[in-house]
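> Predicted model follows, preceded by the sequence.
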Amino acid sequence: QVQLVESGGGLVQPGGSLRLSCAASGRTFSTYQMGWFRQAPGKEREFVARITWSGGFTYYTDSVKGRFAISRDKAANMVYLQMDSLKPEDTAIYYCAAREQGKEYDSWGQGTQVTVSS
């Protein structure tokens, strides 16, 4: 069973940076995609970014392109989300998720809070 544990959230001023980490365990991930999602207060959960475990191919939602970068460390079974030029509208709980390619995301972490405020 896949287990995902996020860390790295916190309070940051607008324009600042944070790096979120996701520790993945429970199986080998060679056929998996890893994703980051977020949920702001009063809003539905939305997709942020994803990466294929094997080839490292990435995809981002438009609102974070050029500001966020997803990466993975295959040896350490870690996934990261580097967030730069943060805006107040990036405030949300951020979740790490995993799926086998071609299937729905079915493994989720507990989430980590990111607050962007002056």
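Noted; the coordinates are in hand.
> From the centroid of this structure, which residue is nearest?
The chain has Trp36 as the residue nearest its centroid, 2.7 Å off, counting by CA atoms, centre = their mean.
> Tell me how many other residues crowd the residue lying closest to Gly109 once chain neighbours are set aside.
Spatial nearest neighbour of Gly109, excluding adjacent residues (CB to CB, 6 or more residues apart in numbering): Leu4 at 3.8 Å. C-beta: built from backbone N, CA, C; applies to glycine. Neighbour count for Leu4, taken as other CB atoms under 10 Å: 20.
> shouldn't Leu81 be in contact with Arg19?
Yes - between Leu81 and Arg19 there is a contact at 7.0 Å, judged by CB atoms under 8 Å.
> the more surrounded of the two?
The neighbour comparison of Leu81 against Arg19 (other CB under 10 Å) goes to Leu81, with 27 against 13.
> what's near enough to touch the closest residue to the more buried one other than its chain neighbours?
Excluding the flanking residues, the one nearest Leu81 by CB to CB, 6+ apart is Leu20, at 4.3 Å. By CB atoms under 8 Å, 6 or more residues apart in numbering, the residues touching Leu20 are Glu6, Ser7, Gly8, Gly9, Trp36, Tyr80, Leu81, Met83, Tyr94, Cys96, Thr112, Val114.
> Try it again at 6 Å.
Shown in contact with Leu20 (CB atoms under 6 Å, 6 or more residues apart in numbering): Gly8, Leu81, Tyr94.
> Test my guess that the second one contacts Ser71.
No - checked against CB atoms under 6 Å, the pair Leu81 and Ser71 is beyond contact range at 8.2 Å.
> how far away is Cys22 from Gly66?
According to CB to CB, to the nearest Å, Cys22 and Gly66 sit 22 Å apart.
> Show me which of those two is the more surrounded one.
Cys22 (26 against 9).
> That one in helix, strand or coil?
Three-state call for Cys22 (DSSP: H, G, I helix; E, B strand; the rest coil): strand.
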